[in-house]
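[1] this is a predicted model, with the sequence first.
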Amino acid sequence: MSKYGKIRRTKSLYKKKKSGFRRVLETAVFVVVAFGIGFVGFTIAQTVIHYTPAVNSGGDGTEATASDNTLDNTDNTGDNTGDTPDSTGDTANPVPATGGLAVYPPSSVLSSILSSAEALSEYAAVAESDGYEALVIELKDDEGRLLYASAIEGIAGDEEVIAGGLTAAEIADAVRAAGLRPVARINTLKDHIPPVKRQDVAYRIAGSEWMWLDNVPGIGKRWANPFLQGTADYIGEVVEELYAAGFAEVILANAVFPPFKREDFGLLSPHITNTHTRFAALGDFVNAVSGRVPEGDILLEIAVSDLSEGEVPVGTAEVLRNKEPSVSISGVAAVFTVQDLGARNADTGEFEGIPAAVKAGLRLAVEHGGGLEVIPLLDLDAGADEAVRREVIAAFEANGYEKYIIRG
């Protein structure tokens, strides 16, 4: 059994912040100057559908299912019910918060702090001195690049996929040496590179071996398909590698379908766009990945903007459509961005009603989370002033959440 707890068990993941977040960012600026070595990446971009052989198809180009244990495909379009906290109460969290805080470096400094073990150690040491207990590091971006030197068979040494020089173990060791717990964040289905390298994870035109591309103007891209066993195998291998390297938790981000257009419905297999099978496939995918590390702690990242009053979850939260937990994970990281913090005053440009907006978002996360632990994640990667940051953190704590993640 993992010392971090069983699946769905409340964990003391982080400890109370002792001082301001600003010191970490100020030091990050120094790190950027001292270790300004960026990753060399690339973007797979094409404007036409390419013909490639299917590795994991049934021979006729149709998709294999990710699991024989498909979730119940009954209609879950009704309101979620069950024991949820009173929205007028002092807390929106059904599980007692145990205190804590994690820091998640913004994209502006990520490549610099991962450029060397020394740069990472310095950043982590400053974060630890400010009272943080965990450091969240993105190690698989939304293009599909691994930001560390992976040893996964078929991926190791591939410069198109691997965009990092440090191994996962070197990253985890540097963070632990500074006194923090390393937490990895990986993008899952929003993944445009492995579908090229591992043909068993790509969407395909129904009844053919032609890969489907999304409708991004001029640069149509591939996506990883949750209906395919190969997709779960690949992401599962990444998760296994990170846990073996010493990461305490893994956050699964963008477990989501592409933004299908109307014309795509006639190109893809019906079950891919069917309301009853979509969220079941996402649940099977997440369970297959978490099943690779049954004693590990896995969080599912969702956007609070994908949750609505009286509506079923969509987008990043679609996997939570069942009224009861159908995913074997530890909890959900509920992401708040600047757009989720309420309206701005037309004259001053300042936010109005941050406490109410945060409280409403947390309540929705609990309502749709089906009893899973909710950990708020404030993502200000696009930038916001310190006063906004402080007010959001105060709102988290006022609602009973002393365990949260801060980015930006």
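    Received the coordinates, thanks.

[2] so where's the stretch 201-350 of the chain shaky on pLDDT?
    For the stretch 201-350 of the chain, the stretches flagged by pLDDT under 70 are 323-325.

[3] how much space separates the nearest residue to Glu350 once chain neighbours are set aside from Ala177?
    Nearest residue to Glu350 in three dimensions, chain neighbours excluded: Arg344, at 6.5 Å (C-beta to C-beta, 6 or more residues apart in numbering). Heads up, the C-betas are built off the backbone N, CA and C, glycines and all. Going from Arg344 to Ala177 by C-beta to C-beta, to the nearest Å gives 42 Å.

[4] now Gly369
    34 Å.

[5] same question, Pro294
    Taking C-beta to C-beta, one finds Pro294 at 28 Å from Ala177.

[6] which one of these two has more residues nearby?
    Ala177 (14 against 11; other C-beta atoms under 10 Å).

[7] list the contacts of that one.
    Residues counted as contacts of Ala177 (C-beta atoms under 8 Å, 6 or more residues apart in numbering) are Ser121, Ala124.

[8] which residue sits closest to the residue most central in space within the chain in space, ignoring its chain neighbours?
    Nearest to the geometric centre of the chain sits Ala253, at 1.8 Å (C-alpha atoms, centre = their mean). The shortest distance from Ala253 to any non-neighbouring residue, by C-beta to C-beta, 6+ apart, is to Glu301 (4.2 Å).

[9] how about the one you found, secondary structure?
    strand (DSSP: H, G, I helix; E, B strand; the rest coil).

[10] what bridges to it?
    Counting by DSSP bridges, Glu301 forms beta bridges with Ala333.

[11] wait, it touches Ala317, no?
    No - if you go by C-beta atoms under 8 Å, Glu301 and Ala317 don't touch, sitting 9.6 Å apart.

[12] those two - which one has more neighbours?
    Ala317 (29 against 23).

[13] let me see the contact set for that one.
    Here Ala317 is in contact with Ile302, Ala303, Asp306, Leu307, His368 (C-beta under 8 Å, 6+ apart).

[14] SS state for it?
    Assignment for Ala317 (three-state DSSP): helix.

[15] now do the phi/psi pair for the residue of the chain positioned farthest from its centre.
    Centroid-distance maximum for the chain: Asp347 at 35.5 Å, with C-alpha atoms, centre = their mean. Main-chain dihedrals, Asp347, degrees, to the nearest 10: phi -90, psi -50.

[16] so, low pLDDT: which residues of the stretch 1-150 of the chain?
    In the stretch 1-150 of the chain, residues with pLDDT under 70: 1-100.

[17] and if we set it to 50?
    Where the stretch 1-150 of the chain drops to pLDDT under 50, the residues are 1-99.

[18] now do the contacts for the closest residue to Ala149 other than its chain neighbours.
    Residue nearest to Ala149 in three dimensions, not counting chain neighbours: Thr167, with 4.8 Å by C-beta to C-beta, 6+ apart. Residues counted as contacts of Thr167 (C-beta under 8 Å, 6+ apart) are Tyr148, Ala149, Ala151, Ala245.

[19] of all these, which two lie farthest apart?
    Greatest spatial distance in the contacts of Thr167: Ala149 and Ala245, 10.7 Å, computed using C-beta to C-beta.

[20] who has more neighbours out of the two?
    Each of Ala149 and Ala245 has its neighbours counted (other C-beta under 10 Å); Ala245 has more, 20 against 17.

[21] tell me where the stretch 201-350 of the chain has helices.
    Counting by DSSP state H, counting those that start in this stretch, the stretch 201-350 of the chain has helices at residues 229-245, 270-273, 275-290.

[22] in JSON lines, list the ones you listed along with distance to Tyr404.
    JSON lines is the format used below for the helices of the stretch 201-350 of the chain (distance: least, C-beta to C-beta, whole Å):
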{"stretch": "helix 229-245", "distance to Tyr404": "22"}
{"stretch": "helix 270-273", "distance to Tyr404": "35"}
{"stretch": "helix 275-290", "distance to Tyr404": "22"}
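
[23] doesn't Ala172 make contact with Glu117?
    For the record, residue 117 is Ala, not Glu. No - assessed by C-beta under 8 Å, Ala117 is found out of contact with Ala172, at 10.7 Å.

[24] ok, the nearest residue to Pro226 once chain neighbours are set aside - contacts?
    Closest residue to Pro226 apart from its sequence neighbours, by C-beta to C-beta, 6+ apart: Phe285 at 3.9 Å. Phe285 makes contact with Ala66, Thr188, Leu189, Pro226, Thr231, Ala232, Ile235, Ala255, according to C-beta under 8 Å, 6+ apart.

[25] gap between Phe285 and Phe265?
    From Phe285 to Phe265 the distance is 21 Å (C-beta to C-beta).

[26] picking up where we left off before, what is in contact with Ala149 and Ala245 at once?
    Thr167, Ala168.

[27] tell me how many other residues crowd the residue nearest to Glu350.
    12.

[28] repeat for Ala169
    Residues near Ala169, counting by other C-beta under 10 Å: 17.

[29] okay, it: pLDDT?
    We have a pLDDT of 98 for Ala169.

[30] how much space separates it from Val126?
    22 Å.

[31] likewise for Val239?
    In terms of C-beta to C-beta, Val239 sits 28 Å off from Val126.

[32] those two: which is more packed in?
    With neighbours defined as other C-beta under 10 Å, Val239 and Val126 compare such that Val239 has more, 24 against 20.
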